[in-house]
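Chemist: sequence first, then the predicted structure, then my questions.
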Amino acid sequence: MKRILLTMLAVVVLLVGVAGGLVGSAFVGLQPATDGPVAPGVQLVRDGYVNAFLIDLDDGVALIDCGNDPEAKSLLAALKDRGLEIASVKAIFLTHGHRDHLGGCRQFPSAAVFAFEGDRGLVEGTKAANGPLPRLAGIDASAAVKVTSALTDGATVSFGSVGVTAWNIPGHTEGSAAFLARGVLFLGDSAAGQSDGAIRPAPWVFSDDVGRCRASLMGLATRAPMQTVAQLAFSHSGWLAGGSALTTFH
Ligand SMILES: [Zn+2]
């Protein structure tokens, strides 16, 4: 009996170790992310291990994702620092529907919520994620929020003088998005910036289909106006200067 228990314990320890190693390796060698400006009118707000971004509009701000924290403490503090309030957030652009990018969205009830149709079920809490690890969590409606505006591939949403262009880059999730605003190309979880200046695609344990994610990134490099890209920004790493890490990605 004791031997069986010890064997079971060893198997559990091994499985936890392997799972921990897989998750940990996803973060090794990444460019560190810190709060602050990414470009004129674009601010990174770190929320634990995930980034959200404030994009200045003529009147108020738009968010790229809402962080992991249901109380959105980091985002609310960043708004307060700038003399802005909850109602100043006019729009939320979701890079995809994983829980750690939706966490704080409910704190901004007057904002329009933009996402691609492919991730509507994830965002609204009616569908489970497909990646090997996210799948284990099943349907998670704890941060569900209504998509008020479905995005169109390649189209620009304009707020006065500021435009946000969206591309659907399926792979990490079906409705994964890239956004270009104020010269910054936001890639969400579809890619991460490494400290050596290269990018790598989303880790497979968190993704629907990494091969598709890679192909989408290479396609994006031919579809987006890369000559206008001053920075690449990511959800779990620091940003990279210029767009060449994407145009040379293969
Ligand atoms: Zn994700």
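Modeler: Thanks, I have it. Remember, it's a predicted structure, so these values are computed and weren't measured experimentally.

Chemist: which residue lies nearest the spatial centre of the chain?
Modeler: residue 188 (3.1 Å; Cα atoms, centre = their mean).

Chemist: Three-state assignment for the closest residue in space to it that isn't next to it in sequence, please.
Modeler: With Cβ to Cβ, 6 or more residues apart in numbering as the criterion, residue 188 has its nearest non-adjacent residue at 2.7 Å, and that residue is residue 95. Where you see a C-beta, it was placed from the backbone N, CA and C, and this is true even at glycine. Under DSSP: H, G, I helix; E, B strand; the rest coil, residue 95 falls in the coil class.

Chemist: get me the contact residues on the protein for the ion.
Modeler: With Cβ under 5 Å from the ion as the criterion, the chain meets the ion at residues 98, 189.

Chemist: 8 Å instead?
Modeler: Counting by Cβ under 8 Å from the ion, the positions of the chain adjacent to the ion are 95-96, 98, 100-101, 129, 131, 134, 172-173, 176, 188-189, 202, 206-207, 235.

Chemist: which of these fall within helices?
Modeler: 100, 101 (DSSP state H).

Chemist: helix/strand/coil for residue 59?
Modeler: coil.

Chemist: please report how far the residue nearest to it when sequence neighbours are not counted lies from residue 58.
Modeler: Nearest non-adjacent residue to residue 59, counting by Cβ to Cβ, 6+ apart: residue 160, 7.0 Å away. Per Cβ to Cβ, to the nearest Å, residue 160 is found 4 Å from residue 58.

Chemist: same thing with residue 170?
Modeler: Using Cβ to Cβ, residue 170 is found at 32 Å from residue 58.

Chemist: residue 230 against residue 240, yeah?
Modeler: No. Using Cβ atoms under 8 Å, residue 230 is not in contact with residue 240; the gap is 10.5 Å.
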